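*Asks:* with the input below, show me the fold.
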Amino acid sequence: MNSLSIVGQTSESREFLRATLSEVFESKFIEFSDMGQSTPGLCTLIDIDLNNVRYVPYLKKWLERKPMGAKVVFITDENSRAQAERAFAIGASDIVHRPIQSAELLGKLLGNVEALSDGPPSKAIRNLPGAMAAVGGLRKIFSSGIGREPLDYVSVHAAGEPVVDHLEKKGLAEWINAIRTHHSQTYQHSLMVTGLLVAFGQQLEVSRADRIRLSVAGMLHDIGKARVPIAILEKRGPLDQDEAAILRQHPQYGFDVLQKTPGIAPEMLNVVLHHHEYLDGTGYPHGLKANEISDLVRMVTIADVFAAMIEWRSHRAGMSCMAAYKVLLDMGPKLDQELVREFHAVARNG
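*Replies:* Okay, here's the model as predicted:
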């Protein structure tokens, strides 16, 4: 779980913050008087009276020891410009106003995952109505992931229809080439998985309704990444051991979000929670085996693994589709090899 250091003054504020952040952060509370024996972490939240200037030199000196790239969020009064200026002078990377809104606070601490879709999309993506619809669906999904708004499942389902239309008319290769141009690797991955799953459904000759269902599964599968720090999601280069451990929490985060959504299909909860499970029991988070893993989850896992290999990242070029397909074959008992053989045509068309 993400680690958070909280410097606060009252037990009431501490309990409120603990309850607000408990699903995402393991909180460590630091008494102001004990700051000399501690060090700021990668995420620090400071809730003190900034009108009291005697705190300023101690906090400033303490925050000089924070790790590079650390988030430091101060809680300030909404209408106090002086407090805001003082917070940034001390070393804040951001501020949040009282009364605290949990979604805003999570966004400040983790980084605003919704902002990954800000800015004009590439020309290649703008030219694909299906890709633009899926980007809009993902923005709503990630917004709900940090609790900013309830998930609008109907609009996400509607976003899947243009994806199905595109794959029917234009095929997979154009989708892959366009999606590779998205500037966010988080969005690129979810969009890639979505297109691959729809193409997989075409290969299996499932109904249009089922292909839309597959598109929804692709858009939803990584909703839990909304609760992973953006510095980890968008890191240029391999993750270290601690960062990888945090990222591995995203299936549980996503499940925690979606299980509160009225009317959500149980199969979608299953996809979100178990898309990193392998048939031989070596996956996570629960080490499921064989018949414990549904056919839909097996399909999502294949698309998820394949997408990660063919995507373009800042630090590496993506594999060719056929090279990535060979890796699927080499994974043997981890994946449903009957489905992998069906996926061959998808890889070839890509």
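*Asks:* show me how the chain divides into domains.
*Replies:* Domains of the chain are assigned by automatic domain parsing as 2-110, 114-349.
*Asks:* would JSON lines of the ones you listed with mean neighbour count and mean pLDDT be doable?
*Replies:* Every C-beta, even on glycine, is put in place using the N, C-alpha and C of the backbone. Shown next, in JSON lines, are these (neighbours: other C-beta atoms under 10 Å; pLDDT from 0 to 100):
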{"stretch": "domain 2-110", "mean neighbour count": "16", "mean pLDDT": "85"}
{"stretch": "domain 114-349", "mean neighbour count": "19", "mean pLDDT": "94"}
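*Asks:* who touches stretch 112-129?
*Replies:* Stretch 112-129 is contacted by residues 107, 131-132, 135, 138-139, 142-143, 145-146, 148, 162, 165-166, 170, 174-175, 177-179, 181-184, 186-187, 225-226, 230, 233-234 when judged by C-beta atoms under 8 Å, 6 or more residues apart in numbering.
*Asks:* in the stretch 151-300 of the chain, which spans are helices?
*Replies:* Residue ranges of the helices in the stretch 151-300 of the chain, as given by DSSP state H, counting those that start in this stretch, are 153-170, 172-179, 185-203, 208-220, 230-233, 241-247, 250-258, 266-274, 295-310.
*Asks:* could you export the fifth one as PDB, CA atoms only?
*Replies:* The reference is to helix 230-233. Taking Å, rounded to 0.1, in the frame of the first residue of the first chain, the C-alpha atoms of helix 230-233 are listed here in PDB:
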ATOM      1  CA  ILE A 230       1.300   9.000 -11.400                       C
ATOM      2  CA  ALA A 231       5.000   9.100 -10.800                       C
ATOM      3  CA  ILE A 232       4.900   5.300 -10.800                       C
ATOM      4  CA  LEU A 233       2.300   4.900 -13.600                       C
END
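*Asks:* what about the residue of the chain positioned farthest from its centre, which SS state?
*Replies:* Distance from the C-alpha centroid of the chain, by C-alpha atoms, centre = their mean, peaks at Arg54 (39.7 Å). Classification of Arg54 by DSSP: H, G, I helix; E, B strand; the rest coil places it in helix.
*Asks:* helix, strand, or coil at the closest residue to Gln337 other than its chain neighbours?
*Replies:* If the residues on either side of it in the chain are set aside, Gln337 comes closest to Leu329, at 7.6 Å by C-beta to C-beta, 6 or more residues apart in numbering. Secondary structure state of Leu329, per three-state DSSP, is helix.
*Asks:* repeat that for the one 4 residues further on.
*Replies:* In terms of secondary structure, Pro333 is helix; the call rests on three-state DSSP.
*Asks:* need the nearest residue in space to it, chain neighbours excluded.
*Replies:* That would be Asp280: by C-beta to C-beta, 6+ apart, it lies 4.7 Å from Pro333.
*Asks:* related to what we said a few turns ago, distance check, the residue nearest to Gln337 against Ser102.
*Replies:* Here Leu329 is placed at a distance of 45 Å from Ser102 (C-beta to C-beta, to the nearest Å).
*Asks:* likewise for Val154?
*Replies:* 24 Å.
*Asks:* swap in Lys334?
*Replies:* 38 Å.
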